[in-house]
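In: test case, fold it:
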Amino acid sequence: MQDDVILKMRNIRKSFGGVHALHEVDFTLRRGEIHALMGENGAGKSTLIKVLTGVYQKDEGTVEIEGIQGEANIRSPQDAQNSGISTVYQEISLCPNLTVAENMFIGRGKGAFTDWKSMNTKADKMLRELDIPTYATEQLGSCSIAVQQMVAIARAVDMECKVLILDEPTSSLDEQEVEKLFKLMRDLKAKGVGIIFVTHFLDQVYEVCDRITVLRDGGLVGEYVIEDLPRVKLVSKMLGKELDDISDIKGEETGKAEDDGSVPVFEAKGLCSTEGIKPFDFYIKAGEVNGFTGLLGSGRSECVRAIFGADKVTEGKVKVKGKEVTIKKPIDAMKLGIGYLPEDRKRDGIVSELSVRDNLILAFQVMKGFFHPISRAKAEEYADEYIKLLDIKTASSETPIGRLSGGNQQKVIIARWLLTHPDYLILDEPTRGIDIGTKIEIQKLALKLASEGKSVTFISSEVDEMLRTCSRLVVMRDRAVVGELSGSDLNQTKVMATIAGGESK
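Out: Predicted structure coming up:
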């Protein structure tokens, strides 16, 4: 290896049941650099990290680490740790009921024979050296999330790590906490530690990183020095759309909902939530399909969760049809004529053990109240109506929804909300993980609902799909609204430039 290279991964392949999660991926990390690993959902970032840390075994390829003769044989997380590789995950895996020092040295003490004074002294010395604002005997749970992240990093560094992997470490931090974390990262960089930084925040990448490796669909797009990759180029490489290749994609006509003076169906001013979304303004009119777009992690889903009351709103005002209202929880939104298909259908959408019929009537039953149960005959009638209307492929309404294909599960959830006759329907990633035929059906359904006078917010990670479906796009970056596009500005080039900030460097 070159003198400054501490990690070299070459031709890494990993498949799951015939699906190529990684295909001939290379990755190189140098001593004393912060290297961003970038890519959209499904690009292969997590798989590559898990191969490096021994969670997964690679199918092919080589891994070389400074100080180890020949190829590094990493077959478990313990092997990775012994090889000088430490990982700090987004979800902190420390013990909040123990002290800072106990967390830093957990698993390395001698039980009842531990020299507590010596351990606390050593912990305090390291905390001072790394400028971490806590002390050894403080209970970890009383520290902020940022300090807990730093303690996890201090633990990793103390274990003689050469390679530090930070997997979305800033997702739960505010701006001041991010700055403290970045200072710690720069200090470690100065000490020669190589840092792999996995994040979705473009601004943070350009603030703290030296190089970027981009993955897409399990393959390597390229490795770049940060100065040589303008933000708009990074976005185009992540999305797989080169700027000079992009044409304006227009599909079927959507409801225009131009500034005709009509009262919006829904309007928010300065709305923000506990999920770190910066205050945003938003409106939608009858007959309009609009959408939130941006890279994964930009805040698209968090915005609509705030609108629906699924996340706690901390500031802002909301109007429905011109009247100021309060939405504290989803049932409040439902009673105001708002429906919401969540991003994660398996976690938040379906109840897999229940039948298609019971899943379909769920929202309507909640609105009626469980002291007013829907009769079996009426439930069957509703189920049969919507199974036919949306062409849901199922043996019968009695079939457990978990046995249906992903596309048909999604149709059942859409039917669930249509049964409540909403004025405003939010569809968050309604076409993810389903076949192309069903995707087109759902896109056409969104347009049909708009043509009938309903309002639809449509979110998709596929920009092409958004452009085919929406007449107006709200553009997100790093949890903030950074632009709004409509009319002639509604094209791939403008969307990517707005996501990137329109910057040339």
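In: next, count neighbours for the nearest residue to residue 265 once chain neighbours are set aside.
Out: Closest residue to residue 265 apart from its sequence neighbours, by Cβ to Cβ, 6 or more residues apart in numbering: residue 455 at 4.5 Å. Where C-beta positions appear, they are placed from N, C-alpha and C, glycine not excepted. Using other Cβ atoms under 10 Å, residue 455 has 26 other residues around it.
In: how about residues contacting the lowest-mean-pLDDT helix or strand in the chain?
Out: Ranked by mean pLDDT, DSSP states H and E, the weakest helix or strand in the chain is helix 145-158, scoring a mean of 81. For helix 145-158, the external contacting residues (Cβ atoms under 8 Å, 6 or more residues apart in numbering) are 86-88, 92-94, 96, 100, 103-106, 126-127, 130, 132-134, 140, 143, 164, 166, 169, 172-174, 177-178, 180-181, 184, 188, 193.
In: tell me where the stretch 201-350 of the chain has strands.
Out: Secondary structure of the stretch 201-350 of the chain by DSSP state E, counting those that start in this stretch: the strands cover 211-216, 219-225, 266-273, 280-284, 289-293, 313-320, 323-325, 338-341.
In: tell me how many other residues crowd residue 17.
Out: The number of residues near residue 17, taken as other Cβ under 10 Å, comes to 5.
In: low pLDDT regions in the stretch 201-350 of the chain?
Out: Judged by pLDDT under 70, the stretch 201-350 of the chain has its weakly predicted residues at 241-261.
In: ok, which stretches of the stretch 101-250 of the chain are helices?
Out: Listed in chain order, the helices of the stretch 101-250 of the chain (DSSP state H, counting those that start in this stretch) span 116-129, 145-158, 175-190, 202-208, 231-239.
In: filter the contacts of helix 145-158 down to the buried ones, PyMOL style.
Out: The buried residues among the contacts of helix 145-158 can be selected in PyMOL (16 or more other Cβ atoms under 10 Å) with this line:
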select buried, resi 86+87+88+92+94+100+103+104+105+126+127+130+132+134+140+143+164+166+169+172+173+177+178+180+181+184+188+193
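In: mind listing which of the contacts of helix 145-158 are in strands?
Out: 86-88, 164, 166 (DSSP state E).
In: need those residues in JSON lines with distance to residue 326 and pLDDT, can you?
Out: What follows is these, written out as JSON lines (distance: Cβ to Cβ, whole Å; pLDDT from 0 to 100):
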{"residue": "86", "distance to residue 326": "46", "pLDDT": "89"}
{"residue": "87", "distance to residue 326": "42", "pLDDT": "88"}
{"residue": "88", "distance to residue 326": "39", "pLDDT": "84"}
{"residue": "164", "distance to residue 326": "45", "pLDDT": "94"}
{"residue": "166", "distance to residue 326": "39", "pLDDT": "92"}
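In: ok, which pair from those residues is furthest apart?
Out: 86 and 166 (9.7 Å; Cβ to Cβ).
In: surely residue 37 meets residue 43?
Out: No - Residue 37 is beyond contact range of residue 43, at 9.1 Å (criterion: Cβ atoms under 8 Å).
In: looking at the two, which is more packed in?
Out: Counted by other Cβ under 10 Å, residue 37 and residue 43 do not tie: residue 37 has more neighbours, with 26 against 23.
In: just the pLDDT at that one, thanks.
Out: We have a pLDDT of 96 for residue 37.
In: that one in helix, strand or coil?
Out: What DSSP: H, G, I helix; E, B strand; the rest coil gives for residue 37 is strand.
In: which stretches in the stretch 351-500 of the chain count as helices?
Out: 356-360, 362-368, 376-389, 406-418, 436-451, 463-469, 492-500.
In: is the residue nearest to residue 338 when sequence neighbours are not counted bridged to anything, and to what?
Out: Counting by Cβ to Cβ, 6+ apart, residue 338 lies nearest to residue 424, which is 4.9 Å off, once chain neighbours are set aside. Here residue 424 sits in beta bridges with residue 338, residue 455, going by DSSP bridges.
In: what sits against residue 424?
Out: 265-266, 284, 337-339, 454-457.
In: cool, and residue 39?
Out: Per Cβ under 8 Å, 6+ apart, neighbours of residue 39: 45, 214-216, 221, 238.
In: closest to residue 60 among those?
Out: Looking across these and measuring by Cβ to Cβ, the closest to residue 60 is residue 215, at 16.7 Å.
In: my read: that closest one touches residue 46, true?
Out: No - between residue 215 and residue 46 there is no contact under Cβ under 8 Å: 10.1 Å.
In: between those two, which one's more packed in?
Out: Using other Cβ under 10 Å, the more surrounded residue of residue 215 and residue 46 is residue 215, with 25 against 17.
In: can I get the helices of the stretch 101-250 of the chain in JSON lines with distance to residue 372?
Out: Formatted as JSON lines, these follow (distance: least, Cβ to Cβ, whole Å):
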{"stretch": "helix 116-129", "distance to residue 372": "59"}
{"stretch": "helix 145-158", "distance to residue 372": "43"}
{"stretch": "helix 175-190", "distance to residue 372": "48"}
{"stretch": "helix 202-208", "distance to residue 372": "50"}
{"stretch": "helix 231-239", "distance to residue 372": "48"}
